[in-house]
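A.B. asks: structure for the following, please:
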Amino acid sequence: MDEPSRQQPAERITVQLGSGTDAAGPTTGSVRLGDLFESAPVALIAVDASGAIRLVNPPAAALFGRTRAAMLGLPIEQLLPERLRGAHARHRQDFMAGPGARPMAAGRELIGLRGDGSEFALQIGLSSAELDGASIALAAAIDLSPYKQTEALLEARVARRTRQLDRRRQVAAGLRDTLELLNAGRGLDEILAHVVRQAAELLDADRCAVYRLHPETRRLEVEAAVGIGRQADAESLPLDADSSLARAVREHRPIQADGGSTVVAGPGESLAGAREPRSRAVEPPAGALGPPAGPSAATAAARDQGRAAEGLPDSGASWVSLALPLLLPRGKVYGALEIGFRSARAFDDETLGLASSLADQAALALENDRLRGQAARAAVTAERNRIARDLHDSVTQTLFSASMIAEVLPRLWERDEAEGRRRLDEMRQLTRGALAEMRALLLELRPTTLAEVPLAELLAQLGEATAGRSRLRVELGVDATASLPYEVKEAYYRIAQEALNNVAKHAQATQAWVAMELEPAARGRTAIPGAAESSRLLVLTVRDNGRGFDPLRIPADHLGLTIMRERADAIGAELSILTRPSRGTSIRVAWPCPDEARASTAQGA
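C.D. replies: Next up, the predicted model:
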């Protein structure tokens, strides 16, 4: 900084502040302007009408990186970049023609030029004054560089935070999509393929793969993979292999393989803070996430040639892999999720948390697949047991009775022909009933048959099966049917089946009647939702001459009537039960038949 003596000597001058007036005239004051400039804490510069600098204080010289002597007499435009000088000269001339105060907060920003040629942002506040009888412009300058740096820092933080929020929204959407697939009961292959795609996209990975552990062979088999292709020997990995993938499964914790070291996360510890360098290189799984380890240079060269043919990096490429076990809360491990990167990668807690969530979803998909398989096997076993019971209770007993009659029939015929004919007719009924029972069981094994067989024929089979099983006389009367939706046909069949089963087991009846007819909607005993739009009702009636029952005294474990009501409600039909002790029971189902589903032959149902 130059000496104060180089500054123009202080003079007593008259300074007019602004252009305002009051009742006393212009506001004036008598000050020593040099003292004011010297003591001001901000950068001040005085410029005459020609644009020459007349006064400069030390803060102004420091701001522009010049000496005060070098600035005195210098055109003010020399303190600006050359590209702005012409415009600034015009603005200065306009100001001198009509001087006035311009607040520092007026939003007028300029670019200053320091002595070393560097540019910086500054803000200028202007006012006018008189020096030696001539008008001058007083400029107060503030360096905006610190503010600009702070603003850029804040903007960078906002941008980074915005990216984080966008990423978290993307992560949440990806995890939600996977959960929707899980809840929708999609196939395992589809879910795992979605998981590895999400992992590659959300973690910006070059390869992701899900390995499934097969306890019988103690091998890890690839179930789904995206990114860089895999070789045949990478599709299977022994559990005792010396690799990060196998170790993650064995030790039930995430492991990162990075060049010549392995990073192991202990219980409750994240990989971000766990560093356990190894004395030897821990390679990624053979062919899975990069360079497979070979026993010899020749083998490695041959393998690199094969990888080059697949467009893969050679075995010397640097890979970073993160292996996470597929664990459930109770400690069962299903395999591992491996995520690979071509270059070095730091895993913060948020990244590890996301990777763990993806691994949890893959584990949940494998667990659901196991449970579905278990449930399917249990359902098959239960169905086999039910069919075996039905065969024993119905067909087996019926055929046993028929075989006994057939055995004694020749001798009985010789002694009493009339009795022999009666027994022969009984045997015929028994065999017809057994045949009907077998057809009914086949329907249970092939539910799609319900959609193919007319409803009238299905009801006839039920009647014959019930008669053969319980020696009960069943009369069938189907005056007409309608072209029915499948769900209505199935509901009518199941309700009739349950009703006839109840008659055979509980009613102690000697006869039952099954009837189906179309009735005008006005004949409906109660209002049925939807009947107003239909002119007819399809009515199914199953009644018997048995002992009847009290509906209020049905045991809680007898669910037949409840199931029938639920089936009727599901199709928008009305189910009514009329029964009295010793007076039999009548079950009636009425469904509003759309006008376009008119009466047809039994074959059209």
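A.B. asks: helices of the stretch 51-200 of the chain, residue ranges please.
C.D. replies: Counting by DSSP state H, counting those that start in this stretch, the segments of the stretch 51-200 of the chain that form helices are 58-64, 68-71, 82-97, 145-183, 188-202.
A.B. asks: got TSV for those, with distance to G331 and mean neighbour count too?
C.D. replies: C-beta here means a position set from N, CA and C on the backbone, and glycine is covered the same way. Below are the helices of the stretch 51-200 of the chain laid out as TSV (distance: least, CB to CB, whole Å; neighbours: other CB atoms under 10 Å):
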stretch	distance to G331	mean neighbour count
helix 58-64	68	20
helix 68-71	78	18
helix 82-97	70	13
helix 145-183	21	12
helix 188-202	21	20
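A.B. asks: and these, which one averages the lowest pLDDT?
C.D. replies: Out of these, the stretch the model trusts least by mean pLDDT is helix 145-183, with a mean of 84.
A.B. asks: show me what that one is packed against.
C.D. replies: Using 3 or more CB pairs under 8 Å, 6 or more residues apart in numbering; DSSP states H and E, the elements in contact with helix 145-183 are strand 119-131, helix 188-202, helix 349-390.
A.B. asks: can you pull the contacts of S135?
C.D. replies: With contacts defined as CB atoms under 8 Å, 6 or more residues apart in numbering, S135 is in contact with 48-49, 96, 99, 128-129.
A.B. asks: just give me the least confident of the residues you listed.
C.D. replies: P99 (75).
A.B. asks: neighbours around it, how many?
C.D. replies: Neighbours of P99 under the rule other CB atoms under 10 Å: 20.
A.B. asks: isn't it right up against I136?
C.D. replies: No - in this structure, P99 is not within contact of I136 by CB atoms under 8 Å, at 9.1 Å.
A.B. asks: which neighbours do these two have in common?
C.D. replies: Joint contacts of P99 and I136 (CB under 8 Å, 6+ apart) are S128.
A.B. asks: one step back: closest to G112 out of the helices and strands packed on helix 145-183?
C.D. replies: Evaluated over the helices and strands packed on helix 145-183, closeness to G112 peaks at strand 119-131, with 4.6 Å, by CB to CB.
A.B. asks: and the angle from that closest one to helix 145-183?
C.D. replies: Taking axes from the mean of the first three to the mean of the last three CA atoms, to 10 degrees, one finds strand 119-131 and helix 145-183 inclined to each other by 140 degrees.
A.B. asks: which neighbouring elements make contact with strand 119-131?
C.D. replies: On the basis of 3+ CB pairs under 8 Å, 6+ apart, strand 119-131 makes packing contacts with strand 12-22, strand 43-48, strand 109-113, strand 134-143, helix 145-183.
A.B. asks: name every strand pairing with the fourth one and say which way it goes.
C.D. replies: Applying DSSP bridges, strand 134-143 is found paired with strand 43-48 (antiparallel), strand 119-131 (antiparallel).
A.B. asks: average pLDDT for that strand?
C.D. replies: According to the model, strand 134-143 has a mean pLDDT of 88.
A.B. asks: buried sites along it?
C.D. replies: Within strand 134-143, the residues that qualify as buried are 136-143, counting by 16 or more other CB atoms under 10 Å.
A.B. asks: and of those residues, the nearest to A70?
C.D. replies: Taking CB to CB as the measure, A141 is the one of these closest to A70, at 16.6 Å.
A.B. asks: so for K148, which of the helices and strands packed on helix 145-183 sits nearest?
C.D. replies: By CB to CB (comparing all of the helices and strands packed on helix 145-183), the closest turns out to be strand 119-131, at 5.2 Å.
A.B. asks: buried ones in the closest one?
C.D. replies: 120-129, 131.
A.B. asks: can you redo these as a markdown table with distance to G548?
C.D. replies: A markdown table is the format used below for the buried residues of strand 119-131 (distance: CB to CB, whole Å):
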| residue | distance to G548 |
| --- | --- |
| F120 | 103 |
| A121 | 99 |
| L122 | 103 |
| Q123 | 100 |
| I124 | 106 |
| G125 | 105 |
| L126 | 108 |
| S127 | 110 |
| S128 | 114 |
| A129 | 117 |
| L131 | 123 |
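A.B. asks: which strand or helix spans the nearest residue to H214 once chain neighbours are set aside?
C.D. replies: Using CB to CB, 6 or more residues apart in numbering and skipping residues adjacent in sequence, the residue nearest H214 is E221, 6.0 Å away. Counting by DSSP states H and E, the secondary-structure element that holds E221 is strand 219-227.
A.B. asks: and that strand, which strands flank it?
C.D. replies: strand 207-214 (antiparallel), strand 236-238 (antiparallel).
A.B. asks: which residues touch it?
C.D. replies: Strand 219-227 is contacted by residues 188-189, 192-193, 195-197, 200, 205-214, 230, 234-239, 245-246, 249, 288, 335-336, 340 when judged by CB under 8 Å, 6+ apart.
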